[in-house]
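Participant: Provided below for reference: sequence and predicted model.
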Amino acid sequence: MKSALVRPAYFDSEWLDFELLRAMGYSVYGAAAPGECYWAAGKIRERGQSLVAWHYGWLELGNRVEESAAALESAGDRTAASEAYFRAWNYLRSAEFYMMPQGSAEMRGVYFRGLKCFDKALTLSSFSAAAVDIPYDGTTLPGHFFRAPASRGERRPLIVFNGGGDGSGEELFFLCGGPQALDRGFHVLTFHGPGHRGALHRNAKLVFRYDWEHVLGPVLDWAGARDEVDPRRMAVYGVSLGGYFAPRAASFDERIKAVVANALLPDYHQHWIATVGDQLPELLRKWTEHRLTTMSSAGWDRLAALFSLKGGPFTFVVDLMRWTNGVRGMGELMEKIRDASVDPSRVRCPLLSVQGEGEGAAALQAVKRWFDRLEGAKKHILLPAGLGADAHCGMGNLRHVNALVMDWLARTLVA
């Protein structure tokens, strides 16, 4: 879990606090209401702050708001109904997030209920959007294409939103500032790649792969062939683990003319070593990280079992990695991601790095070392606690963060 200097401090667990902030963060786009979120949080606290309590608190709220949305739709109030359906989607997304075991049939059912609310909200909204299926390796990847206003007959630049390790393609529309991108004349494409829950809930074999150029390649093939997209002006905005995926793909694919990494992650294998080190006293950290670099698969499995004894989110993380990566344990995962890194000498397009001040010293230093080696056009923005933007991906102040991103893309991609 990333540290944060600014947090709601509503729960005992920083993990639950961050997920509460995540749900409330979308209020700036009308996809949450703080009062509703605190109502769910109160229910969770009453039930003991467990992952089960988390699920039922958000599920009850999602049910209530979905009923409200249906009533508003029946009354003919399309705008209010759309907003309510977006909120219902977000609350059902939160309810689905911590369900155990990850990938269960019950979890899948909650996900698709939320997706139905999301698509209903789009239908009733002013957005020009459509669900799409992108051809990929004998199957398809689901997503949504959002057309910029007043763009008929005109080719416009495209931003592809690329998610991380635990999010959904639908969530990217708000997390990455889709409404702000559309306002600036960009088309937007969100999608679920292999390992993302929208793909996995449809096809359990679509687990993460880390040569992401082979994922974004087909996505760009599909997007660049659309009549309304200018294939010479396509950018990728990656968030969380997408901060690895997007630069990785850009280092192989010259069609990516600009890349944004919100929480740049140049080496995923080293990230896990540093994450474990962060759980230990400082005196033990360097010695332990050295040992972890050469630790066997069995050793990683034993370490994961030890951390899982703490229960709650630690157990969730291990199970999430199992489901999304198609592995039996952390040892297998560490073998799978051993070469999951980005060579800065290969990234030739302009790159914007965005990083929260609260990400922690190890992450800040890793990004600086990698960023300093970039030779092309580049910019790094540190998101400060003073603006409430220091949490992972700037979750506490998304409109501010995404305004910075979209303004940079407008100058870089359009000009």
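Facilitator: Ah, there it is. Remember, predicted model here, so these are calculated numbers, not experimental data.
Participant: ok, now which ones touch residue 97?
Facilitator: Residues near residue 97 by Cβ atoms under 8 Å, 6 or more residues apart in numbering: 19, 54, 166. All C-beta spots, glycine's among them, are computed from the backbone N, C-alpha and C.
Participant: ugh, wrong one, I meant residue 96
Facilitator: Residue 96 makes contact with 55, 107, 110-111, 114, 197, according to Cβ under 8 Å, 6+ apart.
Participant: Recalculate using a threshold of 7 Å.
Facilitator: Contact partners of residue 96, counting by Cβ atoms under 7 Å, 6 or more residues apart in numbering, are 107, 110-111, 114.
Participant: That one: which element?
Facilitator: Per DSSP states H and E: residue 96 is located in helix 78-97.
Participant: So which residue of this structure lies furthest out from the middle?
Facilitator: For the chain, the largest distance from the centre (Cα atoms, centre = their mean) belongs to residue 75, which lies 34.7 Å off.
Participant: do you know how far that residue is from residue 68?
Facilitator: Counting by Cβ to Cβ, to the nearest Å, the gap between residue 75 and residue 68 amounts to 11 Å.
Participant: Just give the nearest non-adjacent residue to residue 208, would you?
Facilitator: residue 195 (3.0 Å; Cβ to Cβ, 6 or more residues apart in numbering).
Participant: Of the contacts of residue 97, which is the nearest to residue 377?
Facilitator: residue 166 (30.9 Å; Cβ to Cβ).
Participant: Next, the angle from the helix or strand that the helix holding residue 96 is followed by to helix 78-97.
Facilitator: Sequence order places helix 105-124 as the next helix or strand after helix 78-97, per DSSP H and E. With axes from the mean of the first three to the mean of the last three Cα atoms, to 10 degrees applied, the angle from helix 105-124 to helix 78-97 works out at 160 degrees.
Participant: got the buried residues for helix 105-124?
Facilitator: With burial defined by 16 or more other Cβ atoms under 10 Å, the residues of helix 105-124 counted as buried are 107-108, 110-111, 113-115, 117-122, 124.
Participant: just the helices in the stretch 301-415 of the chain please.
Facilitator: Counting by DSSP state H, counting those that start in this stretch, residue ranges of the helices within the stretch 301-415 of the chain are 313-325, 330-336, 361-372, 398-409.
Participant: Same check on the stretch 151-300 of the chain?
Facilitator: Along the stretch 151-300 of the chain, the segments classed as helices by DSSP H, counting those that start in this stretch run 169-175, 178-183, 197-200, 213-224, 242-250, 268-278, 282-293, 297-308.
Participant: need the contacts of residue 97 in JSON lines with pLDDT, neighbour count and distance to residue 36, can you?
Facilitator: Putting those into JSON lines (pLDDT from 0 to 100; neighbours: other Cβ atoms under 10 Å; distance: Cβ to Cβ, whole Å) gives the following:
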{"residue": "19", "pLDDT": "97", "neighbour count": "22", "distance to residue 36": "15"}
{"residue": "54", "pLDDT": "98", "neighbour count": "29", "distance to residue 36": "15"}
{"residue": "166", "pLDDT": "96", "neighbour count": "20", "distance to residue 36": "22"}
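Participant: Now the weakest link among the helices of the stretch 151-300 of the chain, please, by mean pLDDT.
Facilitator: The weakest mean pLDDT among the helices of the stretch 151-300 of the chain belongs to helix 282-293, with a mean of 70.
Participant: Low-confidence regions, this structure specifically.
Facilitator: Along the chain, segments meeting pLDDT under 70 span 1-5, 151, 279-287, 415.
Participant: hmm, 90 instead?
Facilitator: Applying pLDDT under 90 to the chain flags residues 1-8, 150-154, 167, 273-295, 300, 303-314, 360-363, 413-415.
Participant: That concludes my questions; thank you for your assistance.
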